[in-house]
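A.B. asks: Just the structure for this:
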Amino acid sequence: MAYEIRFASTAKRHLQKFPVGERAGIVAAVETQLSHEPLVETRNRKRLRPNPIAPWELRVRSLRVFYEVDQPGVVTVLAIGAKRGSRLYLGGEEMEL
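C.D. replies: So this is what the prediction gives:
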């Protein structure tokens, strides 16, 4: 079963902060990695400890895509950020996980 991918308005704003070429890569990775079995942990996909952002994380190179499966068959991307060392930046602002 293929999951429908939705982007929350916050994730859309975060996505706009990236260059066009990088945006296309992020969207392609999200579609490839999350359209089938988004709740199965892999090398690039993991369940997170409780936090204010999202229950799941997808790693796309040095970027992080945070998402949830809130309805059967629907994946909602909640936030997209850049990871630099131990720091995470969402929408240009440093966040703590």
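A.B. asks: so where's this structure uncertain?
C.D. replies: For the chain, the stretches flagged by pLDDT under 70 are 97.
A.B. asks: try 90
C.D. replies: Scanning the chain for pLDDT under 90 picks out 1, 70-71, 84-86, 91-97.
A.B. asks: so where do the helices sit in it?
C.D. replies: Counting by DSSP state H, the chain has helices at residues 9-16, 20-34.
A.B. asks: List of residues touching the last one?
C.D. replies: Same thing as helix 20-34. With contact meaning CB atoms under 8 Å, 6 or more residues apart in numbering, helix 20-34 is reached by 3, 5, 15-16, 18, 42, 44-45, 58, 60, 63, 65, 67, 75, 77, 80. C-beta coordinates here come from the backbone N, C-alpha and C atoms, glycine included.
A.B. asks: so the residue nearest to the spatial centre of the chain bridges to which residues?
C.D. replies: Residue closest to the average C-alpha location in the chain (CA atoms, centre = their mean): Val65, at 1.7 Å. Beta-bridge pairing of Val65 under DSSP bridges involves Leu58, Ile80.
A.B. asks: Quick one: residues contacting it.
C.D. replies: By CB under 8 Å, 6+ apart, the residues touching Val65 are 11, 26, 29-30, 57-59, 77, 79-80.
A.B. asks: And for Leu58?
C.D. replies: Contacts for Leu58 were tallied using CB under 8 Å, 6+ apart; they are 29-30, 33-34, 44-45, 64-67.
A.B. asks: For those, give me JSON lines that also has distance to Ile53.
C.D. replies: What follows is the contacts of Leu58, written out as JSON lines (distance: CB to CB, whole Å):
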{"residue": "Ala29", "distance to Ile53": "18"}
{"residue": "Val30", "distance to Ile53": "16"}
{"residue": "Gln33", "distance to Ile53": "18"}
{"residue": "Leu34", "distance to Ile53": "16"}
{"residue": "Asn44", "distance to Ile53": "17"}
{"residue": "Arg45", "distance to Ile53": "15"}
{"residue": "Arg64", "distance to Ile53": "9"}
{"residue": "Val65", "distance to Ile53": "11"}
{"residue": "Phe66", "distance to Ile53": "5"}
{"residue": "Tyr67", "distance to Ile53": "10"}
